[in-house]
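Peer 1: I'd like to go over a predicted model; first the sequence, then the structure.
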Amino acid sequence: MIMPLEIVKTKIYGTEWDDHLFCLSLHFNENGFVTSQYRPPELGDILQLKEKVHQNNEEEFLSIWTKFVIGLSVCSEERDPLERNIGALTFTVIDTLEKSQRLSFETLLDYMDCFSIMLKEENFSEKEIKAVYLPITLAVLKNFSDRIIDRTTGLVFISSSKYQEISRLLETSGAISNRK
């Protein structure tokens, strides 16, 4: 299990879109900026991720966030904040797939991290965010199963051994039922 490093700096970004102010708080530790604080540690173990710091640069993550904000604007009529954020996540995934045809699972996790940070900005508790992380990840994987790939092999992620391990993790965590 990866031990969290002490946060040494926080940058707050804000943008106004459709008369709404959206904020993003990025936390930094001595190794870089941290976006995966809500990601289950077991997921990192399965994917053999060594650190809980963002693999891309700050500008790339801000680009993800910008797409997400546009998605929030598109879903602004949705009153339930969780559903609005799920809509923004879906918008972000679809936007990427329209441009690139494929999305790596690792990039999907970056999107999930952005989703989680935005839920925190909407006053969801850490426990609530962690409770929805895996089920929503699985739902996105199933909805776009033929277009989300394993970065290391280039194959469809849902047919990989990593996916099988993640599915078992979801089942044992009680996050999903045993429906087929």
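Peer 2: Sure thing, it's come through.
Peer 1: For the chain, which residue occupies the most central location?
Peer 2: residue 112 (0.8 Å; C-alpha atoms, centre = their mean).
Peer 1: Now do the strands in the protein.
Peer 2: Using DSSP state E, the strands found in the chain span residues 9-17, 20-29, 32-34, 103-104, 148-149.
Peer 1: is it true that residue 141 touches residue 158?
Peer 2: Yes - with contacts counted by C-beta atoms under 8 Å, residue 141 reaches residue 158, the gap being 5.9 Å. In short, each C-beta sits where N, CA and C put it, glycine included.
Peer 1: Which neighbours do these two have in common?
Peer 2: By C-beta atoms under 8 Å, 6 or more residues apart in numbering, residue 141 and residue 158 have these common neighbours: residue 148.
Peer 1: Tell me who's in contact with the residue nearest to the centre of the chain.
Peer 2: Taking C-beta under 8 Å, 6+ apart as the test, what residue 112 contacts is 39, 89, 133, 136-137, 140.
Peer 1: how about a cut-off of 10 Å?
Peer 2: Residues near residue 112 by C-beta atoms under 10 Å, 6 or more residues apart in numbering: 35-36, 38-39, 43, 89, 132-134, 136-137, 140.
Peer 1: State the distance from it to residue 77.
Peer 2: According to C-beta to C-beta, to the nearest Å, residue 112 and residue 77 sit 23 Å apart.
Peer 1: How about residue 93?
Peer 2: Distance from residue 93 to residue 77, by C-beta to C-beta: 20 Å.
Peer 1: the more surrounded of these two?
Peer 2: Neighbours per residue (other C-beta atoms under 10 Å) separate residue 93 from residue 77, with residue 93 holding more: 21 against 7.
Peer 1: Can you check which helix is longest in this protein?
Peer 2: The longest helix of the chain (DSSP state H) is helix 81-100.
Peer 1: what packs against that one?
Peer 2: helix 58-74, strand 103-104, helix 105-121, helix 126-143 (3 or more C-beta pairs under 10 Å, 6 or more residues apart in numbering; DSSP states H and E).
Peer 1: can you rerun that using 7 Å?
Peer 2: On a contact count with 3 or more C-beta pairs under 7 Å, 6 or more residues apart in numbering; DSSP states H and E, helix 81-100 meets helix 58-74, strand 103-104, helix 105-121.
Peer 1: circling back: how much space is there between the residue nearest to the centre of the chain and residue 150?
Peer 2: Distance from residue 112 to residue 150, by C-beta to C-beta: 16 Å.
Peer 1: before we move on, what about residue 114?
Peer 2: 21 Å.
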